[in-house]
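K.L.:
Got a predicted structure here, sequence first:
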Amino acid sequence: MIGSAGIESLLWHGLLPLAADMGGAATRGLIYLAAFALVLVAAFVMVIVLFSYGKLFVQALMSNAYVSLLSLVGMSLRQVHARTIVEAKIMAMQAGVGNDPHTGITTRRLEAHYLAGGNVPRVIHALIAAHRADIDLDFDRAAAIDLAGRDVLDAVKTSVYPKVIDCPDPEKSGRTTLSAVAKNGVELLVRARVTVRTNLAQLIGGATEETIIARVGEGIITSIGSAEDHLQVMENPDRISKAVLERGLDAHTAFEIVSIDIADIDIGENIGARLQADQAEADTRKAQALAEQRRANAIAREQEMKAEVAANRASVFLAEAEVPRAMADAFRQGNLERFSGNGTA
């Protein structure tokens, strides 16, 4: 017979392998379940990524402007508008400036410019316009111009199509003409039109339109002021333009002066004659004041002489009053004798 200890031994040795088999199966099941869950999560993430960026990815791929899905996801994580970057790169590639070694338009550089606060589409449009117009402009310079607060696309357009500036500008100064006076004193009212184009090499840090207007206005006034006669200026207005252009007024500015044209010139006041009349009136008033001063001095001197005459008369009266007194004293002292008619005492 088998005792209780033997029965327990048999049960233990029989159930242990069965338990081991059941534990391995459970572990493998958990592993399979975890792997399946990871696959589901990865598939879900891929579906979301494809749903969010699939269209952009395919669009970039078909436009020869490849951008990886990881880059698109990274843009979202970096708070970069992915569509703006992709469309900008597509425009650059389609225009033939994306692969240019001088421009170097890459996804990373576009992102950097976007994060710096730049206007990526406007920079790409400016590069395309410069490329079409055969203007030397690379991505670095265009991005620097954009970040400096200048309109890079407008600058390129102004380089292609020069801009006309009124001098003076009525919208900014409220004046429609410049006032200049020739040496003969005649005032001339001049209105000029300055044609300029952008100097991309000096656009960053260069002076703006206001400086051009101020310098041209100063040059016109100086040129007219050096003329002997206003008729010379009216006969040859181009002498003003030539004299102003020779002074190199576009130095250290963001523009290059193409031409200066005198649009209108009129005769104003004869300031010289008015100044002479004012001077003559001032001289007259001065002469009248001096004459009045001399008259007052003469009257004062007359009164002084009258007072002196009265004083002299008073002295004479005093002297006449002393004569009888002196005679009386002489009689009393016996110093004065009577004379007879024949001249003897």
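P.N.:
Here it is on my side, so go on. Numbers count the residues shown, from 1 in each chain.

K.L.:
can you map out the helices along this protein?
P.N.:
Assigned by DSSP state H, the chain shows helices spanning 4-62, 69-77, 82-95, 107-115, 120-132, 139-147, 152-160, 170-173, 209-225, 230-235, 238-245, 271-333.

K.L.:
Select the longest strand from this protein.
P.N.:
strand 255-270 (DSSP state E).

K.L.:
So which bits of it are buried?
P.N.:
For strand 255-270, burial by neighbour count (16 or more other CB atoms under 10 Å) applies to F255, E256, I257, I260, I262, I265, N270. The C-beta positions use only the backbone N, C-alpha and C, and glycine is treated the same way.

K.L.:
between these, which is nearest A144?
P.N.:
F255 (17.9 Å; CB to CB).

K.L.:
for that closest one, what are its contacts?
P.N.:
Going by CB atoms under 8 Å, 6 or more residues apart in numbering, F255 touches T158, V196, R197, T198, N199, G206, E209, I212.

K.L.:
Which one of those sits in the busiest neighbourhood?
P.N.:
Within the contacts of F255, most neighbours by other CB atoms under 10 Å means T198, with 24 neighbours.

K.L.:
for the longest strand of the chain, what is the average pLDDT?
P.N.:
Averaged over strand 255-270, pLDDT sits at 84.

K.L.:
between that strand and helix 209-225, how big is the angle?
P.N.:
50 degrees (axes from the mean of the first three to the mean of the last three CA atoms, to 10 degrees).

K.L.:
and strand 255-270, how far out from the chain's middle?
P.N.:
Here strand 255-270 is found 23 Å from its chain centre; the criterion is CA atoms, centre = their mean, to the nearest Å.

K.L.:
Direction included, what does that strand pair up with?
P.N.:
Using DSSP bridges, the strands paired with strand 255-270 are strand 186-198 (antiparallel).

K.L.:
Pick out the shakiest of the helices of the chain, pLDDT-wise.
P.N.:
helix 4-62 (a mean of 63).

K.L.:
Which residue, other than its chain neighbours, is closest to the spatially most central residue of the chain?
P.N.:
The centroid of the chain falls nearest to T208 when counting by CA atoms, centre = their mean (6.0 Å). Excluding the flanking residues, the one nearest T208 by CB to CB, 6 or more residues apart in numbering is A254, at 6.3 Å.

K.L.:
Contact partners for the one you found?
P.N.:
R150, A155, T198, N199, Q202, L203, G206, A207, T208.

K.L.:
ditto for M305
P.N.:
Counting by CB under 8 Å, 6+ apart, M305 makes contact with nothing.

K.L.:
how near is it to Q293?
P.N.:
19 Å (CB to CB, to the nearest Å).

K.L.:
And the furthest pair within the buried residues of strand 255-270?
P.N.:
Farthest pair in the buried residues of strand 255-270 (CB to CB) is E256 and N270. Separation: 38.6 Å.

K.L.:
phi, psi of the residue nearest to the centre of the chain?
P.N.:
Main-chain torsions, T208, degrees, to the nearest 10: phi -100, psi -170.

K.L.:
doesn't N199 make contact with V156?
P.N.:
No. Applying CB atoms under 8 Å as the test, V156 and N199 come out as separate, 11.9 Å apart.

K.L.:
For stretch 250-266, C-alpha coordinates in CSV please.
P.N.:
Presented in CSV, the C-alpha positions along stretch 250-266 are these (Å, rounded to 0.1, in the frame of the first residue of the first chain):
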residue,chain,number,x,y,z
ASP,A,250,22.6,108.2,-54.0
ALA,A,251,25.7,107.3,-52.0
HIS,A,252,24.9,105.1,-48.9
THR,A,253,21.3,104.8,-49.9
ALA,A,254,19.2,101.8,-50.8
PHE,A,255,18.5,103.2,-54.3
GLU,A,256,20.4,104.2,-57.4
ILE,A,257,19.3,107.4,-59.1
VAL,A,258,18.5,106.7,-62.8
SER,A,259,17.5,110.3,-63.8
ILE,A,260,16.2,113.6,-62.3
ASP,A,261,13.7,115.4,-64.5
ILE,A,262,12.3,118.9,-63.9
ALA,A,263,8.6,118.4,-64.3
ASP,A,264,7.5,122.0,-63.7
ILE,A,265,9.2,125.3,-63.1
ASP,A,266,7.4,128.6,-62.4
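
K.L.:
How far off centre is that stretch?
P.N.:
Taking CA atoms, centre = their mean, one finds stretch 250-266 lying 18 Å from the centre of the chain it belongs to.

K.L.:
do stretch 245-255 as well
P.N.:
Remark: stretch 245-255 is offset 16 Å from the chain centroid, using CA atoms, centre = their mean.
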